[in-house]
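Structure of the sequence below:
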Amino acid sequence: MDSLQAVDPALRVRWTVDGAIIQVVDSDQQVALSMEQQSALGSPHEIWRLLPGHHVARSVADPEHRVSPDAQPVWIQAYAPWDEAGATGVRVCQALTDLVGGTCVSQDGRR
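Numbering: from 1, shown residues only. Below you'll find the predicted structure:
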């Protein structure tokens, strides 16, 4: 929650589809970010196959740099709308991945 509050204090979390989707919403219940449940990433090298040319955090690619020796990398697919709320959602995604030492890749074609 601290990552959400750092981006915008009005943001809240709600679960949909029996917990399969986690959504970040603003005070008007407008969706900023929707995240699917995590999937285990058996090999961090799979990231480079799926997203060639993208930077991957050292904590994802190298077990010696993970938060815990038992930590395993996961893949979380997230979606943000193409509006101001979505821009907030992308900032939330980046804040969350920064918190855990992960990688956030935006594939919207905008920079």
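
what is the rounded mean pLDDT of the longest helix anywhere in the chain?
Counting residues, the longest helix in the chain under DSSP state H turns out to be helix 84-100. For helix 84-100, mean pLDDT is 89.

again with stretch 8-26
91.

Can I get that stretch in CSV, CA atoms only?
In CSV, the C-alpha atoms belonging to stretch 8-26 read as follows (Å, rounded to 0.1, in the frame of the first residue of the first chain):
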residue,chain,number,x,y,z
ASP,A,8,-1.4,9.0,-5.2
PRO,A,9,-2.9,8.9,-1.7
ALA,A,10,-6.4,8.4,-3.2
LEU,A,11,-5.6,5.0,-4.7
ARG,A,12,-7.1,1.8,-3.4
VAL,A,13,-7.0,-1.9,-4.2
ARG,A,14,-9.9,-4.1,-5.1
TRP,A,15,-10.1,-7.8,-6.2
THR,A,16,-12.3,-9.0,-9.0
VAL,A,17,-13.1,-12.3,-10.6
ASP,A,18,-12.8,-14.2,-7.3
GLY,A,19,-9.4,-12.7,-6.7
ALA,A,20,-7.9,-13.5,-10.1
ILE,A,21,-7.5,-9.8,-11.0
ILE,A,22,-6.2,-7.1,-8.6
GLN,A,23,-7.2,-3.6,-9.6
VAL,A,24,-5.8,-0.3,-8.4
VAL,A,25,-8.6,2.3,-8.5
ASP,A,26,-8.8,6.0,-7.7
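
contacts for that stretch?
Applying CB atoms under 8 Å, 6 or more residues apart in numbering, the contact partners of stretch 8-26 are 1, 4-5, 27, 31-37, 85, 88-89, 92. Any C-beta I mention is one placed from the backbone N, CA and C, and that applies to glycine too.

make it 7 Å
Residues from elsewhere that reach stretch 8-26 (CB atoms under 7 Å, 6 or more residues apart in numbering): 4, 27, 31-37, 85, 88-89, 92.
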